[in-house]
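**Q** Okay, here's the prediction I keep looking at, along with the sequence it came from:
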Amino acid sequence: MRVDRRGSGTIGRRPGRRGAARGALALLAALLAGGGLSGAGAAPAAGSDRENPRPLAATLAVADTPADGGSSLTLTWDGARLAAALAEAHGEAEDPAAAEEAAKEAAEEGVEEGAEEAADEAVEEAADAAETRAAARAGALPAPGAGEVDVERAAAGDTAFARIASVPASAGRFVDEGLERTTTYRYRLTGRGAGGRLLATPPTPPLAPRVNAFRTRRLNALAAMVFMGACVVGLILRARRGGQIYIRRISGLDAIDEAVGRATEMGRKILYIPGIISVNEPQTLASLGILGYVAKLTARYGTELEVPNIDPLTMAAAREIVKQSYMEEGHPEGFREEMVHYITGDQFAYAAAVNGIMVRDRPAANFLLGWFAAESLLLSETGQSIGAIQIAGTAQVTQLPFFVSACDYTMLGEELFAASAYLSRDPLILGSIAGQDVMKAAILAAIVLGVVLSTAGVAGFAAWFTAL
């Protein structure tokens, strides 16, 4: 019988001790779920939960990471599908506040009615809520609705999985690094569903990382290198066999003949500066190729030539080139070793010495071709102040503005290399320049084709270039 709380009288007999005890236990569990008695909540009983997780509707795949030295494995999954599965699992959970209120009401009903079934249900619901809250507070599990999953790993011989990282479910990819090549590993993804229940994907088959000889995702780069190498080698062989290779004549080349002719008419010398870097620099090699052509002109017209150097190796190479040019023109007597000389290895001491030569000897033409740095403006301004015709060329982008503003003609970037190939007619240089031009044309054609196909909605072509 029930007790009438509105008065002091008793309508029937009081409930038994068993019903009252169950009701009190349910009320205590409900308070525990709300954190009112324990503060931080009770620790979850994770043993059975981790041993028997519910299946997570996603497929996890593991593969060796290409070109990693054999120290990592790559995990992939359908990110959109996994995120949807987690959202669906979380959607089945009740609102925590509503669950607590329902548990308290059921507990009170158990006290009032003495219903054994209602009390048991209240205890179970309150315990589940307390477990979920405690895990969230401890940071051991992602909060429901967080959209993240745990990546768990088990090495060979391990019976339990250990958490190694947390990633967004939609990521779709994770790379596990720092692994041993002689050990196999299994993986799974875990998340939390309704009521904090553990969800897990099926474990992957055991796999060990291995060393790869090739990175298959970079086959496009290999194909481009093979194509460019074939073009360069083929054109070099063609040039050596005497085949005609076209290289456009740039305006700066006409200025070389003009400058040498002016110096000859004025009876003054030509000053040739081959840069400030040794012969291991491609720009220095290109400058020496042009020097050979200038030396032939000075030998032919009897014009004085002076080549001051900052590097001993460059001086030795330049001296032999000038000597050979005079011999080819039939005037070996016109060559003197002091025409090509060494000054100093210090950058600004060299610039000061060359400026002194310009001011004292007042050459009719200055050639500044090669690798230059801060001394470029010092040299070109001094040459302009004496009224010399100046021809400059460099691939140093930071120095081009100074040459353009202070010199009569400037070879920009690759024009320096093209001029060397055009004047020297060396098969090696000709084939290299022509091969690079073919590769540039192929890249330009690929860009245009990719734009057209992408505009037309044809997929796949542009993706082939993403790993280059």
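**A** Good, I have the coordinates.

**Q** Quick one: the strands in the stretch 251-400 of the chain, in order.
**A** Defined through DSSP state E, counting those that start in this stretch, the strands belonging to the stretch 251-400 of the chain, from first to last, are 270-273, 305-309, 340-342, 365-369, 389-394.

**Q** and the residue lying closest to Glu281 once chain neighbours are set aside, how many neighbours?
**A** Spatial nearest neighbour of Glu281, excluding adjacent residues (C-beta to C-beta, 6 or more residues apart in numbering): Trp371 at 5.1 Å. Glycine gets a C-beta too; all of them are placed from N, C-alpha and C. Burial measure for Trp371: 21 neighbouring residues, criterion other C-beta atoms under 10 Å.

**Q** OK, contacts around Trp371?
**A** Trp371 sits next to 275-277, 281, 283-284, 394-396 when contact means C-beta atoms under 8 Å, 6 or more residues apart in numbering.

**Q** okay but Pro427 is in contact with Ile236, surely?
**A** Yes. With contact defined as C-beta atoms under 8 Å, Pro427 and Ile236 form a contacting pair (5.8 Å).

**Q** any common contacting residues for those two?
**A** Taking C-beta under 8 Å, 6+ apart as the contact criterion, no residue touches both Pro427 and Ile236.

**Q** Could I get the strands of the stretch 251-400 of the chain in a markdown table, plus columns for mean neighbour count, distance to Phe227 and mean pLDDT?
**A** Listed next are the strands of the stretch 251-400 of the chain as a markdown table, based on neighbours: other C-beta atoms under 10 Å; distance: least, C-beta to C-beta, whole Å; pLDDT from 0 to 100:
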| stretch | mean neighbour count | distance to Phe227 | mean pLDDT |
| --- | --- | --- | --- |
| strand 270-273 | 27 | 38 | 97 |
| strand 305-309 | 22 | 39 | 97 |
| strand 340-342 | 18 | 41 | 96 |
| strand 365-369 | 28 | 32 | 96 |
| strand 389-394 | 26 | 30 | 95 |
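
**Q** if we compare those, which one ends up closest to Pro53?
**A** Comparing the strands of the stretch 251-400 of the chain by their distance to Pro53 (C-beta to C-beta), the top pick is strand 389-394, with 67.1 Å.

**Q** Show me what that closest one is packed up against.
**A** With contacts defined as 3 or more C-beta pairs under 8 Å, 6 or more residues apart in numbering; DSSP states H and E, the packing partners of strand 389-394 are helix 251-266, helix 282-301, strand 365-369, helix 375-385, helix 400-406, strand 409-412, helix 414-424.

**Q** try 7 Å
**A** With contacts defined as 3 or more C-beta pairs under 7 Å, 6 or more residues apart in numbering; DSSP states H and E, the secondary structure elements packing on strand 389-394 are helix 251-266, strand 365-369, helix 375-385, helix 400-406, strand 409-412, helix 414-424.

**Q** Tell me which of the strands of the stretch 251-400 of the chain approaches Thr159 most closely.
**A** Distance to Thr159, taken as C-beta to C-beta, is lowest for strand 389-394 among those, at 67.9 Å.

**Q** who touches the closest one?
**A** For strand 389-394, the external contacting residues (C-beta atoms under 7 Å, 6 or more residues apart in numbering) are 252, 255-256, 259, 262, 283, 364-372, 380, 383-384, 400, 403, 407-411, 415-416, 419.

**Q** cutoff 6 Å now
**A** Applying C-beta atoms under 6 Å, 6 or more residues apart in numbering, the contact partners of strand 389-394 are 255, 259, 262, 365-369, 372, 383, 403, 407-411, 416.

**Q** With stretch 163-171 instead?
**A** Taking C-beta under 6 Å, 6+ apart as the criterion, the residues outside stretch 163-171 that touch it are 79, 82-83, 86, 147-153, 174.

**Q** cool, stretch 276-291 as well?
**A** For stretch 276-291, the surrounding residues in contact (C-beta under 6 Å, 6+ apart) are 272, 274-275, 310-311, 313-314, 317, 321, 369-371, 395, 416-417, 419-420, 423-424.

**Q** circling back: dump the contacts of Trp371 into TSV; add distance to Arg197 as well.
**A** As requested, the contacts of Trp371 are exported to TSV (distance: C-beta to C-beta, whole Å):
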residue	distance to Arg197
Gly275	73
Ile276	73
Ile277	70
Glu281	68
Gln283	69
Thr284	72
Thr394	70
Ala395	66
Gln396	66
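
**Q** of those, closest to Tyr350?
**A** Proximity of the contacts of Trp371 to Tyr350 was ranked by C-beta to C-beta; the top entry is Ile276 with 6.7 Å.

**Q** Specify the angle between the lengthiest helix in the chain and helix 282-301 in degrees.
**A** Criterion DSSP state H: the longest helix present in the chain is helix 427-455. With axes from the mean of the first three to the mean of the last three C-alpha atoms, to 10 degrees as the basis, helix 427-455 and helix 282-301 are set at 130 degrees to each other.

**Q** in helix 427-455, what's buried?
**A** 427, 429-439, 450 (16 or more other C-beta atoms under 10 Å).

**Q** still on that earlier bit, who wins for proximity to Thr65 among the helices and strands packed on strand 389-394?
**A** Of all the helices and strands packed on strand 389-394, helix 414-424 sits nearest to Thr65, with 38.5 Å by C-beta to C-beta.

**Q** Tell me the helices and strands packed up against the closest one.
**A** Under the contact criterion of 3 or more C-beta pairs under 6 Å, 6 or more residues apart in numbering; DSSP states H and E, helix 414-424 touches helix 282-301, helix 427-455.

**Q** give me that answer again for 10 Å
**A** helix 251-266, helix 282-301, strand 365-369, strand 389-394, strand 409-412, helix 427-455 (3 or more C-beta pairs under 10 Å, 6 or more residues apart in numbering; DSSP states H and E).
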